[in-house]
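Student: Have a look at this prediction, sequence included:
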Amino acid sequence: MSRKGRFIIMIKKLALLIGILFWGFLTYAQTSEVISGRLVKKDWSKTIESYCAGGSDYYLLLQKGKRKTIVDISGIEDKAVIDRALRVRRVSLTGKTEIFTKAPSDPMSQQPVSPPSCVIFRTQKISIKK
């Protein structure tokens with residue numbers, strides 16, 4: 001194969017790689033969602049919500065229609081934003097919904113009889129609504 005032929009094949013592979021990366025970026029960008037409501041901090045309790053949140057204090061987003069969403073805000077480094085979000089009536093959260101089944105980590109610990117399907121919103125950004 002000539003040098004020109006190898007160069008053309010290399011360009012085609014590079015174009016394919018760029019196309020795949022661009023498609024992946026678009027897919028990632030489209031999966032982010034925005035939800036809004038009132039952010040509240042809840043103490044640990046013996047509930048499925050607390051179990052899905054990791055078994056300690058956790059955050060809920062109270063939405064219209066009495067819908068509650070467990071929120072993971074560990075990705076937010078600015079604690080002042082979190083404190084302010086807890087004091088205002090409405091916030092918007094940008095992130096992704098993750099659905100998983102939480103398998104028991106310690107067979108001797110207390111846990112639900114059958115592992116529940118957990119839904120958690122992994123927050124990437126908090127916006128205060130006025």
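Tutor: Nice, thanks for sending it over.

Student: residues contacting the closest residue in space to Lys64 that isn't next to it in sequence?
Tutor: Among residues not flanking Lys64 along the chain, Gly37 sits closest, at 7.2 Å (Cβ to Cβ, 6 or more residues apart in numbering). All C-beta atoms are positioned from the backbone trio N, CA, C, and that covers glycine. By Cβ atoms under 8 Å, 6 or more residues apart in numbering, the residues touching Gly37 are 61-64, 67, 69, 90-91.

Student: Outside of stretch 122-130 itself, list whatever touches it.
Tutor: Here stretch 122-130 makes contact (Cβ under 8 Å, 6+ apart) with 32, 36, 39, 71-73, 75-76, 81-82, 84-85, 88-98.

Student: can you tell me which of those are in helices?
Tutor: Filtering the contacts of stretch 122-130 for membership in helices, criterion DSSP state H, returns 81-82, 84-85.
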